[in-house]
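Visitor: got a predicted model here, sequence first, then my questions.
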Amino acid sequence: MPEPVEGFSKLSKEEKIRWIAEQYTEDPEACIALLKTYWNTDGRLQRLHDEFIENTLTNYYLPFGIAPNFLIDGKLYALPMAIEESSVVAAASKAAKFWLTRGGFTTKVLGTEKIGQVHFIYEGDPARLGEFITSITPLFFEETRPITKNMVARGGGIKKIELRDKTSALDHYYQLHCTFETLDAMGANFINSCLEQFARTLRREAISSDILEDGERNIEVVMSILSNYVPQCLVRAEVSCKVEELGADTGISPQEFADKLVRAVAIANAEPYRAVTHNKGIMNGIDAVVLATGNDFRAVEAGIHAYASRQGAYKSLTQAEIRDGVFRFWIEIPIALGTVGGLTTLHPLVKLALEILQHPSAKELMGIVAVAGLAQNFAAVQSLVTTGIQQGHMKMHLLNILNQMGATEEEKKQLVEYFKKHSATHNAVVEALEKLRESS
Ligand code: MEV
């Protein structure tokens, strides 16, 4: 049974590695060797990664791939994607190529507002609280000026500070519901710093307020934090073409294909069990680009899933329709991204990803990410309503199975060729490899 540890974060990296290896693994020397295999040989680069988080032992690789041929708003992009799932980049590339010859993707940013809240408890007269907040609102702006100065000079800053009465949901609960414009920054630190200053101002001014009465002046600030739900930081991406242009290599008629796509989306709108998987496929594309560009995919996930439930039931993030012989397929997602600050200026691969994307503004990146989600969904639903998902999935997974089985390069080459004409289930791959080995 391992012992609890005191002061782990103060140990050196080598000491931490030895401790974890000896306490939790059967073969400590093998564990140490494995962790060190993943160290970068460039000491400076390794130190940079070590310092991203606490208690770093080594690096955890994800493949960094490229899905080319994305025509977005008339510009040709290659999308950097960081993801472990075998078929995602292939599916994105396939959808990109499909729409490349059908007008490409168009995007529109519908809003860029971000939200932060100071949550507080006030036991007193709501009207007096309203009057008090109005009286100190200029102070909220004034006392955050050192934080907001540069952002304001670039056209952003605090846009609105509203008092919201939430007492019908929770006794004595109010909030300052604040709206921010953070331009090309994701803005988490900026927003949280402003909110914490609002909270200090609020508490201090309440204590000496002559608008509030005795027993009302001790406002309890519970917390001050940005919201990852950003329904006003919204982007739409879309593709469309005449139905007859759809059908290429699907094996069914263009009209049937269009009808099936529309029905598949309708099912995801009607049935949460399907909607979750439908949207998971969308997030395959979104997360991969979000991660490659150094953004916070947990924030993006949380906000997008909340948006998918905004009508009281969990629904599809994409929509599809056929009108006047034209097939239209689109996605609308809330997403707060940054192209400056944070990892974007630190992580060499993130910098490279942004360079590959031609140094997009945050608004452009919102469009690109929405396109990645839409393309991923198109590719997934296309397979689902035609060949079934396993055909493409297993083709991509084949190399993983062969690697698991220690196949040589020559064996891989022969079996990839073989499975172009045969269906690649796990058992079929195992059997084919065994047969190949027996015959040689
Ligand atoms: C797998 O990662 C994603 C899919 O399940 C998405 C979908 O079903 O739409 C293929």
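Guide: The structure has been received and is ready for your questions. Because the structure is predicted, anything quoted here is derived from the model rather than measured.
Visitor: got a list of what residue 115 touches?
Guide: Counting by Cβ atoms under 8 Å, 6 or more residues apart in numbering, residue 115 touches 177, 178, 179, 180, 226, 227, 229, 230, 232. C-beta: built from backbone N, CA, C; applies to glycine.
Visitor: surely the fifth one and residue 113 touch.
Guide: To tie it back to what came earlier, the one meant is residue 226. No. Residue 226 sits out of contact with residue 113 when judged by Cβ atoms under 8 Å, with a separation of 11.9 Å.
Visitor: so which of these two has more stuff around it?
Guide: Neighbours per residue, other Cβ atoms under 10 Å: of residue 226 and residue 113, the larger number sits with residue 226, 24 against 17.
Visitor: any idea of the pLDDT on the more buried one?
Guide: Looking at residue 226, its pLDDT is 98.
Visitor: quick check: it vs residue 170, distance?
Guide: To residue 170, residue 226 is 20 Å away according to Cβ to Cβ, to the nearest Å.
Visitor: and for the residue in the stretch 1-150 of the chain that the ligand sits nearest to, nearest residue in space, chain neighbours not counted?
Guide: Here the stretch 1-150 of the chain gets closest to the ligand at one residue, residue 85, 5.7 Å apart by Cβ to the nearest ligand atom. In space, residue 85 comes closest to residue 284 once its chain neighbours are excluded; the distance is 6.3 Å by Cβ to Cβ, 6 or more residues apart in numbering.
Visitor: contacts only, for the one you found.
Guide: Residue 284 touches 83, 85, 88, 91, 376, 380, counting by Cβ under 8 Å, 6+ apart.
Visitor: and the residues you listed, which two are furthest apart?
Guide: 83 and 380 (13.9 Å; Cβ to Cβ).
Visitor: comparing these two, which residue is more hemmed in?
Guide: With neighbours defined as other Cβ under 10 Å, residue 83 and residue 380 compare such that residue 380 has more, 25 against 20.
Visitor: okay, and the helix or strand of the protein with the least pLDDT?
Guide: helix 390-404 (a mean of 82; mean pLDDT, DSSP states H and E).
Visitor: residue 241 falls within a strand, correct?
Guide: Yes. Assessed by DSSP: H, G, I helix; E, B strand; the rest coil, residue 241 belongs to a strand.
Visitor: how many residues are close by the closest residue to it other than its chain neighbours?
Guide: Distances taken as Cβ to Cβ, 6+ apart place residue 102 nearest to residue 241, at 4.1 Å, with adjacent residues excluded. Close neighbours of residue 102, defined as other Cβ under 10 Å, add up to 16.
Visitor: and the protein, which residues reach the ligand?
Guide: Within the chain, the positions lying close to the ligand (Cβ under 6 Å from any ligand atom) are 85, 277, 278, 280, 281, 284, 380, 381, 384, 389.
Visitor: now do the contacts for residue 292.
Guide: 64, 80, 81, 82, 349, 350, 353.
Visitor: where along the stretch 51-200 of the chain do the strands fall?
Guide: Here the stretch 51-200 of the chain has its strands, by DSSP state E, counting those that start in this stretch, at 64-72, 75-82, 106-109, 114-121, 157-165, 173-181.
Visitor: am I right that residue 326 is in contact with residue 242?
Guide: Yes. Contact criterion Cβ under 8 Å: residue 326 and residue 242 qualify, at 5.8 Å.
Visitor: chain neighbours aside, what residue packs nearest to residue 188?
Guide: residue 226 (5.7 Å).
Visitor: check contacts around the one you found.
Guide: 114, 115, 116, 117, 187, 188, 191, 192, 195.
Visitor: mind putting the contacts of residue 292 into JSON lines with neighbour count, pLDDT and distance to residue 37?
Guide: Shown next, in JSON lines, are these (neighbours: other Cβ atoms under 10 Å; pLDDT from 0 to 100; distance: Cβ to Cβ, whole Å):
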{"residue": "64", "neighbour count": "17", "pLDDT": "98", "distance to residue 37": "19"}
{"residue": "80", "neighbour count": "24", "pLDDT": "98", "distance to residue 37": "25"}
{"residue": "81", "neighbour count": "27", "pLDDT": "98", "distance to residue 37": "25"}
{"residue": "82", "neighbour count": "22", "pLDDT": "98", "distance to residue 37": "20"}
{"residue": "349", "neighbour count": "14", "pLDDT": "97", "distance to residue 37": "19"}
{"residue": "350", "neighbour count": "22", "pLDDT": "97", "distance to residue 37": "23"}
{"residue": "353", "neighbour count": "22", "pLDDT": "98", "distance to residue 37": "25"}
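Visitor: JSON lines please, covering these and showing distance to residue 363.
Guide: Shown next, in JSON lines, are those (distance: Cβ to Cβ, whole Å):
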{"residue": "64", "distance to residue 363": "24"}
{"residue": "80", "distance to residue 363": "18"}
{"residue": "81", "distance to residue 363": "20"}
{"residue": "82", "distance to residue 363": "22"}
{"residue": "349", "distance to residue 363": "23"}
{"residue": "350", "distance to residue 363": "18"}
{"residue": "353", "distance to residue 363": "17"}
